[in-house]
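Engineer: pasting the structure only:
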């Protein structure tokens, strides 16, 4: 009976840890503040580290998918290319990066002063 009780406690503890981890999923602002991701000059975000964690990779993919869809809708509405819209967005987004956060250009990252 003691063994069953230990396994039950362990299982509940693991479920609580998994649930708590999901509740604290990484968001874009936090990732930027922690230096994990940065704005790129192409209008998308990128992982600053050469070997990002799966969580950072997932965040980058999610944000960039949403941005690409938004850029495509704007481009279609205005009769222009996605790249043109992304370029304009990049100018605004990079311009808003506060000191200490990262800006990337073709894989080269610099910390904004």
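Structural biologist: Ah, there it is. Here the structure is a predicted model, which means the values were calculated and not measured.

Engineer: ok, now which ones touch residue 64?
Structural biologist: Residue 64 is in contact with 44, 45, counting by Cβ atoms under 8 Å, 6 or more residues apart in numbering. (Each C-beta comes from the backbone N, C-alpha and C, glycine too.)

Engineer: strands of the chain, start to end?
Structural biologist: Assignment of strands within the chain using DSSP state E yields the ranges 37-40, 45-47, 102-105, 108-111.

Engineer: and residue 80, which of the ones you listed is closest to it?
Structural biologist: strand 37-40 (19.9 Å; Cβ to Cβ).

Engineer: list the pairing partners of that closest one within its sheet, with orientation.
Structural biologist: According to DSSP bridges, strand 37-40 has the following sheet partners: strand 45-47 (antiparallel), strand 102-105 (parallel).

Engineer: contacts made by stretch 83-92 with the rest, please.
Structural biologist: 39-44, 67-68, 71-72, 74-75, 78.

Engineer: residue 93: which of those residues is nearest?
Structural biologist: For the contacts of stretch 83-92, the nearest to residue 93 is residue 39 (4.8 Å; Cβ to Cβ).

Engineer: tell me which of the contacts of stretch 83-92 fall in helices.
Structural biologist: 67, 68, 71, 72, 74, 75, 78 (DSSP state H).

Engineer: how many other residues sit next to the third one?
Structural biologist: Counted with other Cβ atoms under 10 Å, the neighbours of residue 71 add up to 22.
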